[in-house]
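Chemist: Sequence plus predicted model, see below.
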Amino acid sequence: MVMELIKMQPYIFRHFDSATVVKGLVGDTPLTAWIVDYPLLERIHYLLVAGFDIYSSVNHQLASRQYMDFLRIDGENNFLRLMPADQRKQMHDNWYKGLSGQLASYLEKPLYSAGYPTGVNYQTSDYKKEFFDQLRKRLGKAAGKKDTINLCEQEACGSSETSTSQQGIDIAMRKLAQFKGRELDLLPEMSLLRVTNEQGGNDQVYTLILNKSLKNVAFMVGENFNREKELDTLTVIPGFLGSYPNFFFVVQQAQLVEFIAAIKEAKSIEDKEAFYKKFGIRRTNPKIWQHVDWFNAQHNKYRGVRAGLFDLNRYLNL
C-alpha cells in the first residue's frame with residue numbers, strides 16, 4: 001500500500017497491474033507513504049498526464065517508469081522528514097531490501113534531511129502508527145469513517161447502533177483481518193465476499209485485499225522474486241473497493257466461522273479444492289452470471305454513477 005498526503009488525503013491500493021484510489025485513511029498503518037508537495041505534484045502531472053503518450057515507443061514507457069521511481073523516492077523522503085532522525089535510514093532500508101550494485105548505491109544515499117529533527121512530537125516508539133493516528137485525529141471527518149475492523153483487536157470496538165447480526169459478522173471479519181503471512185495463501189489479491197442472511201435480503205459485502213509484501217518495488221519485472229509471503233497482511237473493507245475482482249466468495253452467515261477457519265488451516269491440495277468448491281464461485285460455476293449480476297447491482301447501489309461494471313479479465317478459476 002502507498003499513501004499520498006496531499007490536500008485530499010487519498011489512499012492508494014496498488015494491485016499487480018492496476019490501482020485503486022480512495023479518499024481518507026483506509027485499513028491499518030501502511031508500510032510506506034508519500035508526502036506530495038506542489039513541485040512534486042506538478043512533476044507527476046507532466047510525467048503521467050500532460051506528457052505521457054500511451055501509444056509511444058517502449059523507450060518512452062521505460063523512461064516514464066524510471067523517472068516515476070525518482071518521484072516516488074522524493075515523496076518517500078518527504079515522509080521520512082517527519083520521522084525521528086535516528087529512525088529514517090532504518091525505515092528507508094526496510095523499503096529497499098535485496099538491492100545490489102549501482103542502484104543500491106544510489107538508493108542508500110537519499111536526501112531525506114537526516115541532519116534536521118522532526119517537528120512531530122512522538123510519545124511512543126511505534127512512530128509510523130502514532131503519526132497516522134495523529135493524522136486521523138487532525139483530519140477528523142476528512143479521514144473517513146472509523147475503521148472498526150482492521151484497527152481493532154477487541155470485540156468491543158463494534159458500534160452499539162448496529163444489529164446483533166451485523167455485530168456478529170464484524171467480529172468474524174475482525175478475526176479474519178488479523179491473519180498474516182502464510183495463513184493467507186488461499187486468498188487472491190482482491191476478492192469480494194458476500195455474506196448471505198438466512199432470512200433473505202440485506203446480504204453484506206466485504207472486499208478482501210491481500211497486501212503482498214515485497215522486498216522492494218524498484219524493478220518492473222520479477223515481482224515474484226521479491227516476494228516476502230511471510231509478511232503479507234489482509235485488509236477487510238465493508239463494501240466495495242477495486243474494479244478487477246479476482247474471485248467471488250459466497251458464505252452463509254452461519255458458515256463464517258468455518259470459512260475463516262478453513263482459510264487459515266487448509267494446507268493440502270485436497271483441502272484447498274474443498275474450500276474453493278464450497279465457498280467460491282469459479283468460472284465454471286453454472287450460476288456465475290447470477291452472482292456477477294448481483295455484485296454489479298449492489299456495486300451500483302453502493303457507488304451510484306461512479307460504479308460501472310466489474311471487469312472480469314483478471315477473474316481466476318481457483
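Modeler: Nice, thanks for sending it over.

Chemist: rest of the way, CA atoms for contacts and neighbours
Modeler: Noted.

Chemist: Any idea how many residues pack against the nearest residue to H299 once chain neighbours are set aside?
Modeler: Counting by CA to CA, 6 or more residues apart in numbering, A307 is the residue found nearest to H299 once chain neighbours are left out, at 6.0 Å. Other residues within reach of A307, judged by other CA atoms under 10 Å, total 16.

Chemist: before we move on, what about Q123?
Modeler: For Q123, the tally of surrounding residues (other CA under 10 Å) stands at 8.

Chemist: mind checking which helix or strand it is in?
Modeler: Q123 belongs to no helix or strand when assigned by DSSP states H and E.

Chemist: what residues are up against V250?
Modeler: Contacts for V250 (CA atoms under 8 Å, 6 or more residues apart in numbering) come out as L193, R194, V195, T196, F279, G280, I281.

Chemist: re the thing from before, if I read this right, the residue nearest to H299 contacts Q298, doesn't it?
Modeler: No - with contact defined as CA atoms under 8 Å, A307 does not reach Q298; the gap is 9.4 Å.

Chemist: Mind checking which of the contacts of V250 land in strands?
Modeler: The strands, defined by DSSP state E, take in L193, R194, V195, T196, G280, I281 from those.

Chemist: could you redo those residues as a markdown table and give each row neighbour count?
Modeler: Putting these into a markdown table (neighbours: other CA atoms under 10 Å) gives the following:
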| residue | neighbour count |
| --- | --- |
| L193 | 22 |
| R194 | 21 |
| V195 | 20 |
| T196 | 19 |
| G280 | 19 |
| I281 | 22 |
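
Chemist: tell me the SS of the closest residue to A19 other than its chain neighbours?
Modeler: Nearest non-adjacent residue to A19, counting by CA to CA, 6+ apart: F13, 5.6 Å away. The three-state label for F13, taken from DSSP: H, G, I helix; E, B strand; the rest coil, comes out as strand.

Chemist: Distance check, F13 against Q90.
Modeler: Separation of F13 from Q90 (CA to CA, to the nearest Å) stands at 24 Å.

Chemist: ok, now K145?
Modeler: When distances are taken as CA to CA, K145 and Q90 turn out to be 32 Å apart.

Chemist: And V22, by the same measure?
Modeler: Going from V22 to Q90 by CA to CA gives 29 Å.

Chemist: neighbour-wise, which of the two wins?
Modeler: V22 (15 against 9).
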